[in-house]
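Engineer: Kindly return the folded structure for what I paste below:
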Amino acid sequence: MTDSDDNYGPNYYQMNETCGTGVLPDIEWEHMGYLIPKGKYIKDLKFAGKSNNTQVTDLEVYVICRRPDPITRWDTGMDNDLEDVQDVLYSGLFKEIQHTGNMNDFMLKTIDINYLVPEDSMISIYLRPVGGITATRYYSATWTWQII
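Structural biologist: From the prediction side, this is the model:
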C-alpha cells in the first residue's frame, strides 16, 4: 500500500510512502493530502493509469478525507496518529465492474464520491497492487478531482 511521500507531499512525482501490506492502509498523521476547504463538495475522482507488467492484475484504491480532531489542531499542531478523523470516500478495486483489459493497458475510471467537506481537510489516495507479483512493479497514473 502506498501514498504520497510525507516528506514531499502529494505533488511529488512519485508515490513511495510505505503504508502497510494489508487491505487497508496504515494511515499516519504525517501523510499529506490535497487541502480542501470546508463547504466544498467533492463530486468525483477521475483516475487513469497503467502498470509496467501484467503481474499486476488489479489495483486497490482507497480514498480518504481527513482532518484534525479536534479541528483546532490546525492551529495547535497535529503530531500523532490519534489526532485526526478519517472519512472513507472510496474503497475498492480499479477494475471492478467496467474494466476487462490488462492493467498494463491505459485505463480510466471515474469514482463517484459525492461528499460535502465538513471542515478544512485533506484528501488522499492510497494504492495497492494486486496479483502474483515477483519483483518491483510500477503503476503510472494521473488523476483529477471534481470539486465544486
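Engineer: Please name the bridge partners of the most centrally placed residue in the chain.
Structural biologist: The centroid of the chain falls nearest to residue 125 when counting by C-alpha atoms, centre = their mean (0.6 Å). Beta bridges link residue 125 to residue 63, judged by DSSP bridges.
Engineer: Report the separation between it and residue 66.
Structural biologist: 12 Å (C-beta to C-beta, to the nearest Å). To be clear about C-beta, it is placed using only N, CA and C from the backbone, and glycine gets the same treatment.
Engineer: just residue 109 next, same as before
Structural biologist: To residue 66, residue 109 is 22 Å away according to C-beta to C-beta.
Engineer: swap in residue 46?
Structural biologist: Residue 46 is 21 Å from residue 66, by C-beta to C-beta.
Engineer: Isn't the residue nearest to the centre of the chain up against residue 62?
Structural biologist: Yes - counting by C-beta atoms under 8 Å, residue 62 is a contact partner of residue 125 at 7.3 Å.
Engineer: Remind me what the helix-or-strand element of the chain with minimal mean pLDDT packs against, helices and strands.
Structural biologist: Within the chain, no helix or strand scores below strand 2-3, which has a mean of 73 by mean pLDDT, DSSP states H and E. If contacts are counted by 3 or more C-beta pairs under 8 Å, 6 or more residues apart in numbering; DSSP states H and E, strand 2-3 sits against strand 17-18, strand 121-130.
Engineer: what about the strands in the chain?
Structural biologist: 2-3, 17-18, 34-36, 41-51, 58-68, 84-93, 107-116, 121-130, 139-147 (DSSP state E).
Engineer: Let me have these in CSV, extended by distance to residue 74.
Structural biologist: Output for those, formatted as CSV (distance: least, C-beta to C-beta, whole Å):
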stretch, distance to residue 74
strand 2-3, 20
strand 17-18, 22
strand 34-36, 10
strand 41-51, 19
strand 58-68, 6
strand 84-93, 11
strand 107-116, 19
strand 121-130, 10
strand 139-147, 19
